[in-house]
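In: need a 3D model of the following:
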Amino acid sequence: MLRSIVRLASVCAFAALGTFLAVSSGPAQQVHTVHASSATNRAAGRALFAEKGCEHCHGADGLGGEKGPDLSGVGRKRKPEEITTQILQGGNAMPPFADVLAPDDVKLLVDYLAAKKKPVKTNTPVAPAAPAPKSDSGGSDDQ
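Out: Residues are numbered from 1 along each chain as shown. Next up, the predicted model:
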């Protein structure tokens, strides 16, 4: 019994020491957590994109708007960590949203945006080429 108490006290002492060192070791270091993206998370991120007003600047489905750039290929251009930083800290005319968005919402938005790897192809019909103007050869008429 005494041995168990001593062992428990030792474990508690080491845990307390570890906590003390972690808290008092100076400025906190940023911890990068890797999250697996799922179709459910991406769908929730897409809904948040509309719900939180991202479409106001970036357009419907992130295709670009008057205030914000087209995000349809952002997952090809930026790493998830870079997208997270942009959302939280802003920059390049985008305001920061660290005080507005919950961490879980940021994660869902990042999952959604990081999956946007290719620009969306639009099915805009191409107008047929105009016929070439007929040249007047100056004197001969083909009648």
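In: so where's the protein uncertain?
Out: Low-confidence segments of the chain (pLDDT under 70): 1-37, 119-143.
In: at which residues are the helices of it located?
Out: Ranges of helices within the chain are 2-24, 39-51, 54-58, 74-77, 80-89, 103-114, based on DSSP state H.
In: what are the buried residues along the second one?
Out: So that's helix 39-51. Of the residues in helix 39-51, 41-42, 44-46, 48-49 count as buried by neighbour count, 16 or more other Cβ atoms under 10 Å. C-beta: built from backbone N, CA, C; applies to glycine.
In: out of those residues, who's nearest His58?
Out: The closest of those to His58 turns out to be Phe49 (Cβ to Cβ; 7.8 Å).
In: my read: the closest one touches Val110, true?
Out: No. Contact criterion Cβ atoms under 8 Å: Phe49 and Val110 do not qualify, at 10.9 Å.
In: now render the buried residues of helix 39-51 as JSON lines, adding distance to Val74.
Out: Formatted as JSON lines, the entries for the buried residues of helix 39-51 read as follows, by distance: Cβ to Cβ, whole Å:
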{"residue": "Asn41", "distance to Val74": "16"}
{"residue": "Arg42", "distance to Val74": "13"}
{"residue": "Ala44", "distance to Val74": "18"}
{"residue": "Gly45", "distance to Val74": "12"}
{"residue": "Arg46", "distance to Val74": "13"}
{"residue": "Leu48", "distance to Val74": "15"}
{"residue": "Phe49", "distance to Val74": "12"}
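In: and Asp111, how many neighbours?
Out: Here the number of neighbours of Asp111 (other Cβ atoms under 10 Å) works out to 25.
In: would you agree it is in contact with Gly45?
Out: Yes. Assessed by Cβ under 8 Å, Asp111 is found in contact with Gly45 at 5.0 Å.
In: Glu81 versus Ala39, what's the distance?
Out: Using Cβ to Cβ, to the nearest Å, Ala39 is found at 22 Å from Glu81.
In: and Ala114, what is it in contact with?
Out: The contact partners of Ala114, taken as Cβ atoms under 8 Å, 6 or more residues apart in numbering, are 37, 74-75, 78-80, 83.
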